[in-house]
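[1] Let's see this in three dimensions:
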Amino acid sequence: MKMLIVDDESPVRRTVRKLIHWRELGIETILEADNGTEAMKLIQTERPQIVIMDIMMPVTTGLDLMKWMDTHAPACKKIIISGYSDFEYARTTVKYGGIDYLLKPIDRLQLQAAAEKAIRSAEETSHRQTMQLEAHPASQEVKRLVQEKLLSKLLSDAEKDFFNTVWGPLMQEFPQFVGIKNVRVGVLDLKLSAASDTFHVPVDTDSFLNLFADACNAVLHDSDNGIAFRSVSRREEVILLLWNSTVASSSLVKQISARMEPQYSMRMNVGISEEHSFPSTLQKAYTQAQIALRCRNLLDTATSIHEFRECDVLPLVTTLGFGNFGEEIRFALLSGSAVQIRNVIQTWFASLSTLDSITAEQFDMWRDEYRILRTRWMETADPSVSNEGQLMHPELGLPLDGKGEFSFHIWQKELLNDLLRLSQYLKAPHSKSRNVIHEIVRYLKLHYTQDISLQELSDMFHLNRDYISRKFKQEFHETIIDYVIRLRMEKAKVLLMNPHLKIVQVAEMVGYEDEKYFSRVFKKCMGQSPNHYRLHTLPEPPKSGED
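    Alright, predicted model coming up:
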């Protein structure tokens with residue numbers, strides 16, 4: 001497995017390399033780039049499974065790189081490291097599927113956890129792709145996959161030599177492309193068209209999308225006006241290339257919808273681009289169709305064909321105002337009162353009912369905002385909640401009913417149920433009993449360089465000394481003294497990676513005035529002296545691209 005580290009600061013890249021044992025995690029090759037543009041080239045040529053990137057970089061920023069990867073390397077797993085605790089950066093990370101958002105200076109344990117999660121996700125993606133290929137052994141399905149890959153590259157590949165490498169095979173597969181000068185692109189995204197658990201499809205989603213693409217092709221073949229296929233990078237999308245009668249493209253899409261909607265009792269929402277030159281500006285047409293679909297008015301149940309408008313690309317200046325109710329919701333959760341939670345949510349939804357329009361883009365912004373606020377609420381109440389799995393990650397997909405129409409009722413019900421579950425968890429005895437102990441841990445992490453006595457903790461948190469000692473041992477399986485020593489040693493290991501710091505300086509920085517005493521403690525914990533650890537942990541850094 002390959003990993004790419006992207007940061008304009010060489011010491012940061014070196015720290016990421018050396019902070020944990022990558023080879024033990026299955027990372028065989030570590031690549032480096034000092035800006036987003038160089039990273040894009042490496043991603044295209046080396047195809048790493050994991051990218052660890054900074055946010056603020058020259059030439060091309062980490063934000064731009066994430067957006068680019070969303071189209072060109074969607075399977076690649078992203079871990080963000082940043083010196084900025086910024087809500088917008090965190091929201092963008094969530095939006096583009098980032099595994100984690102880590103703040104500098106990088107904590108070894110946090111990086112280890114994020115890396116393990118990214119590796120598991122990459123392995124699952126690889127396994128899923130292999131299973132998909134094995135599930136379609138017939139030659140016709142192989143041919144479909146080959147065609148989909150060629151057509152998808154037509155939409156996403158911006159390299160100058162594209163026509164030398166792809167255009168020939170593409171023309172062999174699709175001789176009908178000869179002579180076509182202008183096209184419009186249509187996009188159907190199943191996630192934006194129907195609730196997968198309610199529409200009447202007697203097969204799995206993957207098979208349904210193949211059936212839908214075939215139905216589209218049946219209509220288009222009759223008039224020789226286009227072709228339909230599934231996107232390789234976005235498997236939930238069916239894409240339409242419409243030519244000849246581009247002015248009547250909306251009529252063709254209506255014919256397709258008329259054939260499919262009665263059969264499956266669902267609403268087909270399709271975004272359509274403006275007319276563009278083929279194939280030179282096909283990418284722009286594809287982007288326009290996606291924008292038209294995501295910026296459609298979800299409250300408009302009469303329209304299912306959504307044509308691109310220039311105003312769709314204007315920056316979104318209004319959110320759904322959920323953040324204005326954040327504190328009220330938090331206090332309602334802390335109260336444990338279902339009535340208070342229900343009242344606050346009803347008030348927010350009452351404000352939504354006055355809106356003339358809600359888009360899928362706005363809904364996604366709300367979902368990202370909610371997940372971030374929800375995580376903050378839970379971590380504030382109980383830092384150990386990261387182990388609670390499903391409780392941390394509600395689905396909260398676009399609230400569509402069985403007809404594919406936007407439903408305030410479904411949205412309010414799903415949000416309320418999730419908040420009630422959250423409230424029950426936060427007021428449970430196990431949460432309360434752990435909360436104070438984790439507040440003590442948080443205090444120790446901030447003041448580990450100080451000599452803190454058990455009596456001081458007792459006075460500070462208004463708890464009996466023996467109770468603190470007993471509960472801490474039950475929760476973390478070590479004493480407070482051992483915990484602080486371990487914390488100091490972990491920090492010391494990071495500081496020892498800086499060859500310019502003397503041992504006495506490292507000792508002082510982690511809370512030891514006596515260098516010799518620090519060395520004895522370090523050797524007892526790590527099995528070697530600080531000097532020996534430094535000599536054997538910091539070899540000459542390898543060149544970029546070498547393992």
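[2] Please count neighbours and contacts with C-alpha atoms only from this point.
    Noted.
[3] show me what contacts L111?
    By C-alpha atoms under 8 Å, 6 or more residues apart in numbering, L111 lies in contact with 20, 102.
[4] Helix or strand next in line after the host helix or strand of it, which one?
    Taking DSSP states H and E as the criterion, L111 maps to helix 108-134. Tracing the chain past helix 108-134, the next element assigned as helix or strand by DSSP H and E is helix 139-156.
[5] pLDDT of stretch 464-474, averaged?
    Averaging pLDDT along stretch 464-474 gives 89.
[6] right, I mislabeled it, should have said stretch 35-52
    87.
[7] ok, and what's touching that stretch?
    So stretch 35-52 is contacted by 1-8, 32-33, 57-62, 64-65, 73, 75-81, 118-119, 122 (C-alpha under 8 Å, 6+ apart).
[8] Likewise for stretch 524-535?
    With contact meaning C-alpha under 8 Å, 6+ apart, stretch 524-535 is reached by 486, 489, 496-497, 499, 503, 519-520, 522-523.
[9] Span of it from start to end?
    18 Å (C-alpha to C-alpha, to the nearest Å).
[10] Of all the residues in it, which ones are buried?
    529-530, 533-534 (16 or more other C-alpha atoms under 10 Å).
[11] Quick one: those as JSON lines, columns for pLDDT too.
    Shown next, in JSON lines, are those (pLDDT from 0 to 100):
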{"residue": "S529", "pLDDT": "93"}
{"residue": "P530", "pLDDT": "94"}
{"residue": "Y533", "pLDDT": "90"}
{"residue": "R534", "pLDDT": "89"}
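[12] Retrieve the pLDDT associated with the residue lying closest to E515 once chain neighbours are set aside.
    In space, and not counting its chain neighbours, E515 is closest to V504: 5.2 Å by C-alpha to C-alpha, 6 or more residues apart in numbering. Here, the pLDDT recorded for V504 equals 94.
[13] tell me which element V504 is part of?
    helix 503-509.
[14] Strands of the stretch 251-400 of the chain, start to end?
    270-272, 276-277, 305-307 (DSSP state E, counting those that start in this stretch).
[15] Can you tell me which of those is packed in deepest?
    strand 270-272 (a mean of 31; mean count of other C-alpha atoms under 10 Å).
[16] which strands and helices sit next to that one?
    strand 182-189, helix 282-294, strand 305-307 (3 or more C-alpha pairs under 8 Å, 6 or more residues apart in numbering; DSSP states H and E).
[17] mind listing what's buried in the helix holding L111?
    108, 111-112, 114-115, 117-119, 121-122, 125.
[18] Report the inter-axis angle for that helix versus helix 139-156.
    Interaxial angle, helix 108-134 versus helix 139-156 (axes from the mean of the first three to the mean of the last three C-alpha atoms, to 10 degrees): 130 degrees.
[19] Isn't L4 up against I27?
    No. With contact defined as C-alpha atoms under 8 Å, L4 does not count as touching I27 (10.3 Å).
[20] Between these two, which has more neighbouring residues?
    Neighbours per residue (other C-alpha atoms under 10 Å) separate L4 from I27, with L4 holding more: 25 against 18.
[21] For the more buried one, what is the enclosing helix or strand?
    Counting by DSSP H and E, L4 is found in strand 2-6.
[22] What's the separation between the residue nearest the centre of the chain and T61?
    Geometric centre of the chain, nearest residue: G97, 1.5 Å, by C-alpha atoms, centre = their mean. Taking C-alpha to C-alpha as the measure, G97 falls 17 Å from T61.
[23] domains for this structure, by residue range?
    2-134, 139-310, 322-427, 431-537 (automatic domain parsing).
[24] For the protein, name the helix or strand with the lowest mean pLDDT.
    Within the chain, no helix or strand scores below helix 162-165, which has a mean of 59 by mean pLDDT, DSSP states H and E.
[25] Tell me the helix or strand right after that helix.
    Scanning onward from helix 162-165 (DSSP H and E), the first element met is helix 167-173.
[26] any idea which helix or strand carries the residue nearest to the centre of the chain?
    Under the assignment here (DSSP H and E), G97 is part of no helix and no strand.
[27] Return the backbone torsion pair for it.
    phi 70, psi 30 (degrees, to the nearest 10).
[28] and what of A75?
    phi -80, psi -10.
[29] For Y443, the count of nearby residues, please.
    12.
[30] How about A39?
    Neighbours around A39, by other C-alpha under 10 Å: 23.
[31] Mind listing what's buried along the helix or strand hosting it?
    Secondary structure assignment for A39, by DSSP H and E: helix 36-46. By 16+ other C-alpha under 10 Å, the buried positions in helix 36-46 come out as 36-37, 39-40, 42-43.
[32] any idea which of the residues you listed is closest to E508?
    Nearest to E508, judged by C-alpha to C-alpha, of those is G36 at 37.9 Å.
[33] so how far is Q110 from the closest one?
    The span separating G36 from Q110 equals 24 Å under the rule C-alpha to C-alpha.
[34] I43 now?
    25 Å.
[35] Looking at the buried residues of stretch 524-535, which two lie furthest apart in space?
    So, the buried residues of stretch 524-535 by C-alpha to C-alpha: farthest apart are S529 and R534, at 8.6 Å.
[36] on that earlier part again, wait, which of the buried residues of helix 108-134 is closest to E237?
    T125 (18.0 Å).
[37] Now do the contacts for that closest one.
    Contacts of T125 by C-alpha under 8 Å, 6+ apart are A75.
[38] Quick check: next helix or strand after the helix holding A39?
    Past helix 36-46, the next helix or strand by DSSP H and E is strand 50-54.
[39] got the angle between that next one and helix 36-46?
    Using the same axes, to 10 degrees: strand 50-54 against helix 36-46 is 170 degrees.
[40] returning to that earlier point: in TSV, list the helices and strands packed on strand 270-272 along with mean pLDDT.
    Listed next are the helices and strands packed on strand 270-272 as TSV, based on pLDDT from 0 to 100:
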stretch	mean pLDDT
strand 182-189	89
helix 282-294	90
strand 305-307	86
